[in-house]
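Asker: Fold the stuff below for me.
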Amino acid sequence: MLNPMNLKVASLLCCLSLFTFAHAQHMVMHSESPEAIDLMNEAMETMGHDMQRFEDNLHKAVETDPNMVMANFFQALDPEKKMEESKVYVDKVMAYEGEMSEGEKIVKDICSHFGEENFDLSAAMEKLVEAYPEDYKLQLIVGAFYLYGNNPEKGMPFLKTAAEKGKLPGAYNMLGYGYMGQGNMEMAKAQFEAYTSAAPNHYNSHDSMGDFYMANKQYKEAAEQFEMAAKLNPDLPLHAEKAQKAKEMMEP
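Answerer: This is a model prediction of the structure:
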């Protein structure tokens with residue numbers, strides 16, 4: 001899902017420096033602002049782990065550079081946006097005429113299929129992984145799209161790579177839920193434990209661990225994890241509510 005603005009990129013590039021995130025093993029992103037590139041990289045790293053931070057950084061990236069291809073692309077993918085809202089961002093990507101990396105060209109091609117009923121977005125995004133096999137943020141994102149699209153079998157290998165090689169917290173988290181969905185509780189527990197080890201002071205790792213214990217009817221342990229999540233994130237009442245429910249499920 002995606003957006004356009006009448007950009008006069010050619011003249012703009014004459015007076016503005018264009019920075020690139022230039023590590024061969026990572027997807028190259030172009031922007032007028034290195035800050036926007038940093039924000040996009042941080043946003044991508046938090047997928048599946050801290051979605052509030054993901055969204056905040058994504059919004060900041062677009063504000064910092066309204067013409068940034070990758071920032072507009074991810075804004076367009078927001079499932080909460082209506083079709084016409086997403087199209088605004090798609091059109092921005094399609095209107096961009098500046099220098100583009102291989103990954104940005106792939107993204108632009110994906111945007112050209114916006115609105116096509118049978119277009120397989122997740123499969124199209126695999127091309128990004130093929131282009132940058134050592135950019136584990138991309139493995140995380142492709143795995144997430146498959147998982148959220150109810151196709152865990154396709155997504156799990158990408159998430160495994162993002163977890164094993166990229167050590168990305170969100171990959172452990174999504175793998176945990178993926179294994180739970182498959183009924184493999186032993187592997188699910190291992191992933192959630194890896195998640196809490198990677199992010200011991202983040203509320204979401206404890207909330208996920210609590211979900212695991214609830215699914216296994218280990219209500220005491222679940223309550224403890226939800227209470228930890230509530231302590232780390234007191235502004236969200238959901239954790240305390242889940243802790244209370246776990247306590248109510250305990251044997252008298």
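Asker: CA atoms for contacts and neighbours, from now on please.
Answerer: OK.
Asker: and the residue lying closest to residue 144 once chain neighbours are set aside, what does it touch?
Answerer: Spatial nearest neighbour of residue 144, excluding adjacent residues (CA to CA, 6 or more residues apart in numbering): residue 155 at 6.7 Å. Under the criterion of CA atoms under 8 Å, 6 or more residues apart in numbering, the neighbours of residue 155 are 142, 143, 144, 145, 146, 147.
Asker: ok, of those residues, which one's closest to residue 80?
Answerer: Among the contacts of residue 155, residue 145 lies closest to residue 80 (CA to CA), at 14.6 Å.
Asker: Wait, the closest one touches residue 124, no?
Answerer: No: between residue 145 and residue 124 no contact is recorded; they are 11.0 Å apart, counting by CA atoms under 8 Å.
Asker: between these two, who's got more neighbours?
Answerer: residue 145 (18 against 15; other CA atoms under 10 Å).
Asker: wait, what's in contact with that one?
Answerer: Residues near residue 145 by CA under 8 Å, 6+ apart: 122, 155.
Asker: Setting the sequence-adjacent residues aside, check what's closest to the most centrally placed residue in the chain.
Answerer: Residue closest to the mean C-alpha point of the chain, counted by CA atoms, centre = their mean, is residue 47 at 2.6 Å. Spatially, and ignoring its direct neighbours in sequence, residue 47 is nearest to residue 170 (5.8 Å; CA to CA, 6+ apart).
Asker: per-residue confidence for the one you found?
Answerer: For residue 170, the pLDDT comes out at 97.
Asker: swap in residue 81?
Answerer: With respect to pLDDT, residue 81 scores 87.
Asker: How many residues are close by it?
Answerer: Neighbourhood size, residue 81 [other CA under 10 Å]: 14.
Asker: helix, strand or coil for it?
Answerer: With DSSP: H, G, I helix; E, B strand; the rest coil as the basis, residue 81 sits in coil.
Asker: What ranges does this structure have for its strands?
Answerer: With DSSP state E as the criterion, the chain has strands at 19-20, 30-31.
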